[in-house]
Structure formats: structure tokens, C-alpha cells
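J.: sequence? don't have it. structure:
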């Protein structure tokens, strides 16, 4: 029925799709833990590889699992009081051993023990499948700079 | 020899790798054209699909080929005098019909007829292969916010 026959991968497309959905659920949990101050589930999602890259909304640009881990522990130390949050995917797809999502994170948290506020981030995540597990290999997050066009209706 | 046997895709991994390299070269050309004020090669790189998403460094958040096209024409109208530019990939990979790059764009251009300046962007691109062509399906670009840690050495 048009499925690929993979020598290296035993999983069929439907299984891979289920595995990716499960990874997105783990990621949802990991992000909520981070916003409450616990970076460990997000670190656990991350591939142990030098290819990992992190473009963080707070500023850091990192490459490699160890650097990303150190940065996420620093980020976790800044957040507390994880409140209501929604994670919205504008687009999500997986093929072969790569997958991505693009969308928004709306999170309510305290940064550096300051006021509890909602912030919206634009976020791109890239995942790689290895050993039957989808793991994060790239995060790019930023505060939307705002659309300067007079007629713009912010999609965020 | 471990290759996948694909029913839907006739291309072998080495061919797909070559096709992806060719797409990155087309993208390099398309970005340089944009910075000189011509958005059409970048529009040509983009998949004609509602799944396209654009998180632009100048602010826009768009979904769908038409909205991305309209925005890139607006961006092209703002740029002139494309000067020296380098495109650096920190990471790049392709698998199945998906591929991505993460890295930096250092471009010298005039925005809104202002001074010709170099700016550095953090950029994530996602590509999908269809009909033997890799096409852009997502761009996320921002000005690096700067790493607030006292010890930070900016990777940009």
C-alpha cells in the first residue's frame, strides 16, 4: 500500500507516528516541568550528541548535549511557579528519522522570582529517532518581535 | 548494504544527499537575492502548501504559501544593496523526506533605505522533499537576544 520497506528501521509508518505522538506528549510534560523549575525531563528528551543545537529565548546559543544540559539547568534555576500553559503546533511532521514542530508556547511562570506572568514564545523543535525513541536535537525559541505592518493581525 | 528500499521514492540515500546539497546551494542564492531586494528565488524555494510556516526576524508570523509569499515580497521591498554575506550551518541533516539546518546568517544590507549594516541572525530552516525537489517548509529567524550570563561567550 505504498509503505516504505526499511532495512534499518523495523517500525512501520503508523508505529512511528504513534511513537512521535508519544514523544510530543513527553515534550509537553518536560516543558511544563521546566516552567516550574525542573529542567531534568527536558534534558532527558535531548539526544546525547554533539549535533544538538539550542537557540534559547533567553539568549543562549549552544551546541552539543553537555552545553545544552548546562544551559537548561541554568534556565531551570530561573523559573518557578509553573502556572497555566498551552503548547500549540502550527505545523508538525515526521519522515524517516527526522521530525519537527513549529508553533507557540504560552506559559505562565515567574522568572528570577519576579511577578508571575504569561509570555508567548515562537518555537521550532527538531527531533531525531534513534533506537525507537524520538529525541530533541534542536530548539529555537524567541519572543515574537511583533509584526511592524500597519495591517498586521498577530497570529500569536 | 543497509539502504532503504523505498516504494514511493526512487532515490537512493547518496542521491538524496546530493539533492539536499543542491537545495542548500539554491537557498544560499535565494537568500543573497533577498538581501539585494529580490524575493522571487526564495519564494520559488518554498513549498506550495498550507503547511508552510514563517517566523520572520522582522516580526511576521505566517502560515501557508500565499501568506509567506506576500510577506517575502514585503521583506524584499525593504532590502537593497546586498553586500557581503555568510551563511553558517551549525547542524544540518536529512532523513526520509525531511531535512533541517540550524545556524547563522551574517548579511550586509540596507533596510528601508537606511545605512548599509551587517546583522547576524539565528536561523532554523526545515525542508521537505517532494517530486525530487527539496523545498522550504519553515523558516524561523531572529536577532540573537544576547546571552545574559556573565561568563557567556557568544557563539554568534
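T.: That came through fine. Everything numeric in this text was worked out from a predicted model, so none of it was measured. Numbers count the residues shown, from 1 in each chain, chains lettered A, B, ... in the order given.

J.: can you pull the pLDDT of residue A:54?
T.: Looking at residue A:54, its pLDDT is 98.

J.: what's the distance between it and residue B:98?
T.: 20 Å (Cβ to Cβ, to the nearest Å). Just so you know, the C-beta spots here come from the backbone N, C-alpha and C atoms, and that holds for glycine as well.

J.: ok, residue A:102 next?
T.: Taking Cβ to Cβ, one finds residue A:102 at 13 Å from residue B:98.

J.: which neighbours do those two share?
T.: By Cβ atoms under 8 Å, 6 or more residues apart in numbering or on different chains, residue A:102 and residue B:98 have these common neighbours: residue B:126.

J.: tell me which of the two has more neighbours.
T.: residue A:102 (29 against 22; other Cβ atoms under 10 Å in any protein chain shown).

J.: what does the residue of chain A found nearest chain B show for phi and psi?
T.: Closest residue of chain A to chain B, Cβ to the nearest Cβ: residue A:96 (2.3 Å). Residue A:96 adopts backbone torsions of phi 60, psi -130, taken as degrees, to the nearest 10.

J.: and whichever helix or strand residue A:32 is part of, what does it pack onto?
T.: Using DSSP states H and E, residue A:32 maps to helix A:13-35. Counting contacts by 3 or more Cβ pairs under 8 Å, 6 or more residues apart in numbering or on different chains; DSSP states H and E, helix A:13-35 is packed against helix A:40-45, helix A:65-78, strand A:85-95, strand A:98-111, strand A:116-130, strand A:133-142.

J.: just want the angle from the fifth one to strand A:98-111.
T.: On the basis of axes from the mean of the first three to the mean of the last three Cα atoms, to 10 degrees, strand A:116-130 is oriented at 160 degrees to strand A:98-111.

J.: nearest residue to the residue positioned nearest the centre of chain A other than its sequence neighbours?
T.: The centre of chain A sits closest to residue A:125, judged by Cα atoms, centre = their mean, with a distance of 4.7 Å. Nearest residue to residue A:125, sequence neighbours excluded (Cβ to Cβ, 6 or more residues apart in numbering or on different chains): residue A:101, at 4.9 Å.

J.: list the buried ones in the helix holding residue A:32?
T.: Using 16 or more other Cβ atoms under 10 Å in any protein chain shown as the burial criterion, the residues of helix A:13-35 that qualify are A:13, A:16, A:19-20, A:23-24, A:26-27, A:30-35.

J.: need the contact list for residue A:31.
T.: A:42, A:85, A:87, A:105, A:107.

J.: okay, it: pLDDT?
T.: For residue A:31, pLDDT reads 97.

J.: hang on, the earlier thing: which of the helices and strands packed on helix A:13-35 sits most buried?
T.: Comparing the helices and strands packed on helix A:13-35 by mean neighbour count (mean count of other Cβ atoms under 10 Å in any protein chain shown), strand A:133-142 comes out on top with a mean of 22.

J.: what packs against that one?
T.: helix A:13-35, helix A:40-45, strand A:53-55, strand A:116-130, strand B:85-95, strand B:98-111, strand B:116-130, strand B:133-142.

J.: mind checking which of these is nearest residue B:67?
T.: Evaluated over the helices and strands packed on strand A:133-142, closeness to residue B:67 peaks at strand B:133-142, with 12.6 Å, by Cβ to Cβ.

J.: how about residues contacting the closest one?
T.: A:55, A:91, A:93, A:100, A:102, A:122, A:124, A:140, A:142, A:145, B:19-20, B:22-23, B:27, B:42, B:45-47, B:49, B:51-57, B:94, B:99, B:105, B:121-129.

J.: for stretch A:69-85, measure first residue to last.
T.: Stretch A:69-85 stretches 23 Å from its first residue to its last (Cα to Cα, to the nearest Å).

J.: same question but for stretch A:41-52, I mixed them up
T.: Criterion Cα to Cα; first-to-last residue distance in stretch A:41-52 is 16 Å.
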